[in-house]
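Asks: Quick one: sequence plus predicted model below, questions after.
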Amino acid sequence: MRIDIDAFNVLQVLVEEGSFSKASERLHKAQSAVSYQVKKLEQHLGVTLFNRDNYRAELTPEGKVILAEGQRLLQHLANIEHLASRYSQGWEPKLELVIDGALPMEPIMSALKLMSEHNIPTKIQLNMEFLGGVQHRFERDQADLMLVKDYRTGPSYHPKPLPTITSVLVASRLHPLSQRQGIKLPELQQHVELTIEDSSPDKRARDEMQFGGDKVFYLSGFIMKKNALLKGLGFGWMPDFLITEELANGELMAIDFIGGNRFRFTPQLVSTLDRPLGRAGQLFTELILQEFALYQQQQTGLSGAGLG
């Protein structure tokens, strides 16, 4: 026989009202029905829950412990009902995002903060990958959205462009390349190139922005790469938003490479028609586009102030 969950609610009312008669009035039940429900629970558990010798209905020590557990169970069930109600309104249970580590985190975190203020029931999982690892994770885990620098497109993918990001080819001011002008590719290849390791299992495809030299250090993230650059370990591409201060104070310098020391890319927010977005995914899409646009305006303002 299964436990009557509603009996725990009856116990709670009995404790609050202090008598079976008052509890029955509040519950809109006959007193005999309340007494039977409590007795039935006691028989099922094999424990006396109420001391019936006193004027007021008082829990036994065992009854207090069991009621406390029952209250937790009732709260858990209430949470389930609340979640079910929200899900029935179109909120998905989980939203999984895969993000390229080359993108700025500030607008992403701002969008997530705004989502949290909506008090939605959806659990959000955020994963960071690099290069081909973004799409690999997106497809392997059947994630809902990816914010990606570059990807292999397909008929089911639905991309939305984000504001353009600039990467700068830099080295420490103490590095030999920072002292040279009109640097050609063979000279560049004589020095250690610092690059980000592709986090996908298939690493056969070389990053198209690499320079093809033999001296290459693969690093697992941009914080590590930035530290290596500042130490003068080598040269490499860095998103400008990560090195604004270092470029301004001269700790890092743009290399005078004849092929150019800046390139721009347009990241994409990609979903797939195979996994249509629920309300949380649609809300995040709206917020991330909004926050990236604001972030771009802020960065443009900072650049203008710097030039002034």
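Replies: Ah, there it is. Small disclaimer: the values here were computed from a predicted structure and weren't measured.
Asks: all helices for the stretch 51-200 of the chain, in order.
Replies: All helices of the stretch 51-200 of the chain, identified by DSSP state H, counting those that start in this stretch, fall at 61-88, 105-116, 132-140, 185-188.
Asks: Please identify the most buried of the ones you listed.
Replies: Mean neighbour count (mean count of other Cβ atoms under 10 Å) peaks for helix 132-140 among these, with a mean of 21. Any C-beta I mention is one placed from the backbone N, CA and C, and that applies to glycine too.
Asks: what does it rub up against?
Replies: Applying Cβ atoms under 8 Å, 6 or more residues apart in numbering, the contact partners of helix 132-140 are 98-100, 127, 129, 143, 146-149, 151-152, 198-203, 205, 270.
Asks: repeat for stretch 179-191
Replies: Residues outside stretch 179-191 that contact it (Cβ under 8 Å, 6+ apart): 175-177, 211-215, 234-235, 255-259.
Asks: run the last query once more with 7 Å
Replies: For stretch 179-191, contacts defined as Cβ atoms under 7 Å, 6 or more residues apart in numbering pick out 177, 211-213, 215, 234-235, 255-259.
Asks: Ok, stretch 109-119 next?
Replies: For stretch 109-119, the surrounding residues in contact (Cβ under 7 Å, 6+ apart) are 124, 283-284, 287-288, 291.
Asks: Restrict stretch 253-265 to CA atoms and write it as PDB.
Replies: Extracted C-alpha coordinates of stretch 253-265, given in PDB (Å, rounded to 0.1, in the frame of the first residue of the first chain):
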ATOM      1  CA  MET A 253      52.500  45.500 -29.600                       C
ATOM      2  CA  ALA A 254      51.000  44.900 -33.000                       C
ATOM      3  CA  ILE A 255      53.500  43.200 -35.200                       C
ATOM      4  CA  ASP A 256      54.300  44.900 -38.500                       C
ATOM      5  CA  PHE A 257      53.600  41.900 -40.700                       C
ATOM      6  CA  ILE A 258      53.400  42.700 -44.400                       C
ATOM      7  CA  GLY A 259      50.300  40.400 -44.700                       C
ATOM      8  CA  GLY A 260      48.500  42.500 -42.100                       C
ATOM      9  CA  ASN A 261      48.200  42.500 -38.300                       C
ATOM     10  CA  ARG A 262      44.500  42.500 -37.900                       C
ATOM     11  CA  PHE A 263      41.600  40.400 -39.100                       C
ATOM     12  CA  ARG A 264      37.900  40.600 -38.400                       C
ATOM     13  CA  PHE A 265      35.400  37.800 -38.100                       C
END
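Asks: in that stretch, what's buried?
Replies: Neighbour counts over stretch 253-265 (16 or more other Cβ atoms under 10 Å) mark 253, 255, 257, 261, 265 as buried.
Asks: on that earlier part again, now flag whichever of the contacts of stretch 109-119 is closest to Ser220.
Replies: Ile124 (23.9 Å; Cβ to Cβ).
Asks: and the spatially closest residue to the closest one that is not a sequence neighbour, what does it touch?
Replies: Residue nearest to Ile124 in three dimensions, not counting chain neighbours: Leu95, with 5.0 Å by Cβ to Cβ, 6 or more residues apart in numbering. Contacts for Leu95 (Cβ under 7 Å, 6+ apart) come out as 122, 124, 144, 280-281, 284.
Asks: same thing but at 8 Å, please
Replies: Leu95 touches 122-125, 144-145, 278, 280-281, 284, counting by Cβ under 8 Å, 6+ apart.
Asks: now Pro276: how far from Asp144?
Replies: Pro276 sits 9 Å away from Asp144, going by Cβ to Cβ, to the nearest Å.
Asks: Please say which of the two ends up with more neighbours.
Replies: Asp144 (25 against 12; other Cβ atoms under 10 Å).
Asks: Quick one: find the helix or strand in this structure with the lowest mean pLDDT.
Replies: Using mean pLDDT, DSSP states H and E, helix 61-88 stands out as the lowest-scoring helix or strand of the chain, at a mean of 78.
Asks: Return the distance of that one from the chain's centre.
Replies: 28 Å (Cα atoms, centre = their mean, to the nearest Å).
Asks: Next: stretch 123-130.
Replies: Chain-centre distance of stretch 123-130: 5 Å, with Cα atoms, centre = their mean.
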